[in-house]
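In: 3D model of this:
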Amino acid sequence: MSAPSHRRPRARRLTVLAAASVAAAGALSALPLTVSAHAAPDLAHAALPARDGWAASGKGTTGGSAAGASRVFTVSTRAELVRALSAGSGTAPRVIRVRGSLDANTDDDGRSLRCEDYAKGTGYSLASYLKAYDPKVWGRSEVPSGAQESARAAAQKKQAARIVFKVPSNTTIVGVPGTGAGLTGGSLQVKGADNAIIRNLSFTDVRDCFPQWDPTDGSDGNWNSAYDALSLRGATHVWADHNTFTDGPRYDGANPRYFGREYQVHDGALDITNASDLVTVSYNRFADHDKTMLIGGSDEDTGLRVTLHHNVFQGTVQRAPLARVGEIHLYNNLFETAERHGYAFSYSISSRARAQVVAEYNHWTLPEGGKVSRLLTGDGTGALAGTGNLVNGLSADPVAAYNAENPGKRIRPTVNWRPTLAAGLETSAAGLPGSLGRAAGAGVLTAAGGLAGPAVRTP
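Out: Residues are numbered from 1 along each chain as shown. Prediction:
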């Protein structure tokens with residue numbers, strides 16, 4: 001078996017014309033944006049509650065909650081989203097309300113774009129790429145370079161200009177309840193920004209048309225893709241809440257294999273890297289995905305104080321999360337490890353590169369024959385202190401079970417810090433399979449911020 005890769009109140013409507021085009025996302029002609037005025041508090045103007053995880057530290061996380069009427073945008077197309085993200089001052093508070101599902105792979109007129117459209121004019125073709133870098137010809141000691149790799153990178157850059165959306169500081173992006181709000185094929189990137197809130201959105205099938213072959217990644221090489229659904233890079237004070245992340249409707253089972261390896265078109269669901277810090281991830285649903293959440297892009301990363309609570313992981317293969325370096329608190333999360341849509345479970349939490357993880361009152365469900373020792377993994381330098389965790393409703397110690405079978409890469413059962421920001425912590429994990437089935441993910445919040453009701457379906 002090949003080694004896994006660790007690389008990396010009703011709205012008052014106004015009409016506003018946004019100004020200049022955005023070069024990074026493609027030039028856009030002036031389009032009207034709908035602006036909504038709200039009487040706070042409401043879902044769009046909500047701030048992170050006090051003590052709700054690491055993002056509540058210091059000044060807390062308010063996003064665009066202070067935005068006035070002229071800074072509240074309702075968008076229903078990719079072009080409108082681009083305009084709203086760039087309108088006016090880059091740091092003045094803004095709220096972007098997403099109505100319905102936005103397709104990121106569209107041109108400025110809303111026409112769908114395919115992989116062939118991005119490749120046009122670059123000289124790239126998959127057949128030529130496979131011929132140039134077949135290990136029988138290229139070998140396995142060097143990463144691809146030359147004409148076809150340059151062409152692949154150029155095509156990937158064209159796609160990135162369409163589907164990657166940069167989120168400025170002091171911004172809230174929230175799905176309008178009852179509209180099926182979300183982003184199909186698009187990546188929100190909070191890079192070098194502070195104070196952002198992302199809520200009530202479904203992220204589906206964020207697909208890279210142009211994965212790169214790396215024969216040096218793992219023992220047999222790997223195809224590596226770009227674009228996380230939500231990417232935090234050098235971001236601080238971020239709250240990601242009540243979102244759904246899934247590869248559906250295009251699951252990995254549809255991926256072909258080249259050079260004996262899966263042609264992986266999906267990267268991370270929510271990755272937190274490059275010295276990102278003070279992050280709370282709450283009440284999200286992560287479903288049907290392989291490399292789910294990376295905390296720390298390398299063993300030399302910094303910051304990475306992250307809280308995960310009341311999230312549901314189902315049909316996830318690995319990295320729930322993979323944690324490096326930081327102080328990570330996981331409480332009241334539900335991990336359902338049965339295979340879904342072809343996604344076979346590998347492990348949940350990896351504590352590596354001196355990570356200090358506290359995992360308490362979480363609940364795992366294992367199918368018959370599942371082993372508690374497989375819930376965790378590590379490199380022999382990480383730590384995980386656990387208490388109150390359940391497996392199939394019974395008390396369990398995943399660290400002890402893992403260490404018993406992996407004496408050469410033991411996970412230390414003690415950490416050098418103590419969590420103090422844990423609002424809403426439940427000191428029993430027994431009810432999580434029932435309560436989180438109704439409360440986690442996109443589409444369950446009302447305009448006032450409460451739950452919509454009991455009729456919530458699992459995706």
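In: And the helices in the stretch 151-300 of the chain?
Out: Using DSSP state H, counting those that start in this stretch, no helices are assigned anywhere in the stretch 151-300 of the chain.
In: Give me the mean pLDDT for stretch 101-110.
Out: Mean pLDDT, stretch 101-110: 96.
In: Using CSV, write down the CA coordinates of that stretch.
Out: Presented in CSV, the C-alpha positions along stretch 101-110 are these (Å, rounded to 0.1, in the frame of the first residue of the first chain):
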residue,chain,number,x,y,z
SER,A,101,-26.5,28.3,-5.2
LEU,A,102,-23.7,30.1,-7.1
ASP,A,103,-21.8,28.3,-9.8
ALA,A,104,-18.2,29.4,-9.7
ASN,A,105,-17.3,27.9,-13.1
THR,A,106,-19.1,30.5,-15.1
ASP,A,107,-18.0,33.5,-17.2
ASP,A,108,-19.0,37.1,-16.7
ASP,A,109,-22.3,36.5,-18.5
GLY,A,110,-23.2,33.5,-16.4
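In: Could you pull out the buried residues of that stretch?
Out: For stretch 101-110, a neighbour-count test (16 or more other CB atoms under 10 Å) marks 101-106, 108 as buried. Just so you know, the C-beta spots here come from the backbone N, C-alpha and C atoms, and that holds for glycine as well.
In: so how far is it from its chain's centroid?
Out: Stretch 101-110 sits 21 Å away from the centroid of its parent chain (CA atoms, centre = their mean, to the nearest Å).
In: If you drop the residues flanking it in sequence, what lies closest to the residue nearest in space to the middle of the chain?
Out: The C-alpha lying nearest the average C-alpha coordinate of the chain belongs to L270 (CA atoms, centre = their mean; 1.7 Å). Excluding the flanking residues, the one nearest L270 by CB to CB, 6 or more residues apart in numbering is L230, at 4.6 Å.
In: these two touch, right, G378 and I411?
Out: Yes. If you go by CB atoms under 8 Å, G378 and I411 touch, sitting 4.5 Å apart.
In: Give me the common contacts of these two.
Out: 351, 384, 402 (CB atoms under 8 Å, 6 or more residues apart in numbering).
In: For T307, what is the enclosing helix or strand?
Out: According to DSSP states H and E, T307 maps onto strand 306-309.
In: Can I get that strand as PDB, trimmed to CA atoms?
Out: Taking C-alpha atoms only, strand 306-309 is exported to PDB below (Å, rounded to 0.1, in the frame of the first residue of the first chain):
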ATOM      1  CA  VAL A 306      -8.200  26.200  16.600                       C
ATOM      2  CA  THR A 307     -11.400  25.000  18.200                       C
ATOM      3  CA  LEU A 308     -13.700  22.400  16.500                       C
ATOM      4  CA  HIS A 309     -17.000  21.800  18.300                       C
END
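In: Paired strands for it, with orientation please.
Out: Strand 306-309 sits in its sheet next to strand 277-282 (parallel), strand 327-331 (parallel), going by DSSP bridges.
In: Return the set of buried residues in stretch 341-348.
Out: Judged by neighbour count using 16+ other CB under 10 Å, the buried positions of stretch 341-348 are 341, 343, 345-348.
In: quick one, what contacts the residue nearest to L270?
Out: By CB under 8 Å, 6+ apart, the contact list for L230 reads 187-188, 190, 198, 203, 240, 243, 245, 269-271.
In: Can you go through those and name the buried ones?
Out: Burial by neighbour count, 16+ other CB under 10 Å: within the contacts of L230 this picks out 187-188, 190, 198, 203, 240, 243, 245, 269-271.
In: rewinding a little: inside strands: which ones of the contacts of L230?
Out: 187-188, 190, 198, 203, 240, 245, 270-271 (DSSP state E).
In: tell me the contacts of V399?
Out: V399 makes contacts with 376, 384, 386, 411, 413, as judged by CB under 8 Å, 6+ apart.
In: now the strands: where do they sit in the stretch 101-250 of the chain?
Out: Listed in chain order, the strands of the stretch 101-250 of the chain (DSSP state E, counting those that start in this stretch) span 101-103, 164-166, 171-175, 182-184, 187-191, 194-199, 202-204, 212-214, 222-224, 230-233, 236-241, 244-246.
In: among these, which is nearest S298?
Out: Set against S298 and scored by CB to CB, the strands of the stretch 101-250 of the chain come closest in strand 230-233, at 12.3 Å.
In: ok now the closest one, how far from the chain's centre?
Out: Mean C-alpha position of strand 230-233 versus that of the full chain (CA atoms, centre = their mean) differs by 7 Å.
In: Could you list the paired strands of that strand along with their orientation?
Out: Strand 230-233 has the following strand partners under DSSP bridges: strand 187-191 (parallel), strand 270-273 (parallel).
In: Show me what counts as buried in stretch 428-435.
Out: Quick answer for stretch 428-435 (16+ other CB under 10 Å): 429, 432-433.
In: Ok, stretch 388-400 next?
Out: Buried residues in stretch 388-400, counting neighbours by 16+ other CB under 10 Å, are found at 388-391, 396, 398-399.
In: what are the ranges of the helices in the stretch 301-450 of the chain?
Out: 398-405, 432-439.
In: which residues touch the last one?
Out: Okay, so that is helix 432-439. With CB under 8 Å, 6+ apart, helix 432-439 has contacts from 283, 310-312, 332-334, 336, 362-363, 365, 426, 444, 451, 454, 456, 458.
In: pLDDT averaged over stretch 201-217, what's the number?
Out: Stretch 201-217 shows an average pLDDT of 98 in the prediction.
In: thinking again about what came up before, is it possible to mark the buried ones in the contacts of helix 432-439?
Out: By 16+ other CB under 10 Å, the contacts of helix 432-439 give 283, 310-312, 332-334, 336, 362-363, 365, 426, 444 as buried.
In: is it true that R78 touches S101?
Out: No. The pair R78 and S101 does not pass the contact test of CB under 8 Å, sitting 10.8 Å apart.
In: Just confirm G326 contacts T307, I think it does.
Out: No. Between G326 and T307 there is no contact under CB under 8 Å: 10.7 Å.
In: Neighbours of V137, how many?
Out: Applying other CB atoms under 10 Å, we find 8 residues neighbouring V137.
In: residues in contact with it?
Out: V137 is in contact with K131, counting by CB under 8 Å, 6+ apart.
In: residue ranges of the strands in the stretch 301-450 of the chain, please?
Out: So, for the stretch 301-450 of the chain - with DSSP E, counting those that start in this stretch - the strands run 306-309, 312-318, 322-324, 327-331, 334-336, 349-352, 356-360, 363-365, 376-378, 383-387, 390-391, 394-395.
In: Can I get the ones you listed in CSV including distance to V174 and mean pLDDT?
Out: Output for the strands of the stretch 301-450 of the chain, formatted as CSV (distance: least, CB to CB, whole Å; pLDDT from 0 to 100):
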stretch, distance to V174, mean pLDDT
strand 306-309, 19, 99
strand 312-318, 20, 98
strand 322-324, 27, 98
strand 327-331, 24, 98
strand 334-336, 24, 98
strand 349-352, 29, 98
strand 356-360, 29, 98
strand 363-365, 28, 98
strand 376-378, 34, 98
strand 383-387, 33, 97
strand 390-391, 33, 98
strand 394-395, 38, 98
